[in-house]
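In: Quick one, what's the 3D model for this:
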Amino acid sequence: MRSQKQIRLGSISTSQTELKDLIKAWVAISAAFAILLSKPIFSSGFYAKFVIASLTVGTGFLLHELGHKIVAQKYKCFAEFRSFDTMLALSIAMSFFGFVLAAPGAVMISGKVSRQKNGIISAAGPVVNLILAAAFLMLIFAPLPDLFKGISGYGFMINSWLALFNMIPFWLFDGYKVLKWSKLAYGLIVAAAAVLMLLQNFISAV
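Out: Take a look at the predicted model:
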């Protein structure tokens, strides 16, 4: 990975391979959720569902990964996203059966990091999802047409779920590395995600 020509986007370095993998993962995940939301599959509303999925699910997944990348590069690490092509294909295939196993890829990081820095890098992804969820929540109550409120509601739900799901304290999940660094940080992120998840029921009832 290091041998590739690096492209500078402000203070962030990337490469053509990373940009291609980001686009590939974004399109594949958006397509998988569009298929999941479309009944019947590939109906006239499929393309609208694809746009909605790309603005909510796709954005949530990829900005999550970019959160890891940006913080890792702040610590002078080499960090680039790589798509898991087999998992992307599997996600699309499974969406036809009514569920999605979403694992679009991961940020590959190399460099010396302490337990604290590794925890902060890992926390960056779920924190990005919390920020996105909060932004979508504000849009729900903004004076917008019902269509935009519906999109905002879906974005709020997806990003709240992504934040909580990634905090599972097990194996390669972000939560495992955050918990090893700081129980306080772990608890705060989980609590924030849980509150947002509970708010979904309240909003649905209003």
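
In: Tell me where this protein has helices.
Out: Per DSSP state H, the chain carries helices over the ranges 16-37, 46-53, 59-74, 85-95, 115-140, 146-165, 174-181, 183-205.

In: Give me the neighbour count for residue 125.
Out: 26 (other Cβ atoms under 10 Å). Just so you know, the C-beta spots here come from the backbone N, C-alpha and C atoms, and that holds for glycine as well.

In: Distance of the closest residue to it other than its chain neighbours relative to residue 35?
Out: Leaving aside its chain neighbours, residue 125 sits nearest to residue 64 (4.2 Å; criterion: Cβ to Cβ, 6 or more residues apart in numbering). Per Cβ to Cβ, to the nearest Å, residue 64 is found 21 Å from residue 35.

In: closest one to residue 8 among the helices of the chain?
Out: Ranking these by proximity to residue 8 (Cβ to Cβ) places helix 59-74 first, at 11.2 Å.

In: Distance of the residue most central in space within the chain relative to residue 183?
Out: Nearest residue to the geometric centre of the chain (Cα atoms, centre = their mean): residue 61, 2.1 Å. Noted for residue 61: a distance of 27 Å to residue 183, by Cβ to Cβ.

In: ok, the residue lying closest to residue 68 once chain neighbours are set aside - contacts?
Out: Closest residue to residue 68 apart from its sequence neighbours, by Cβ to Cβ, 6+ apart: residue 107 at 4.4 Å. Listed by Cβ atoms under 8 Å, 6 or more residues apart in numbering, the contact set of residue 107 reads 65-66, 68-69, 72, 79-82.
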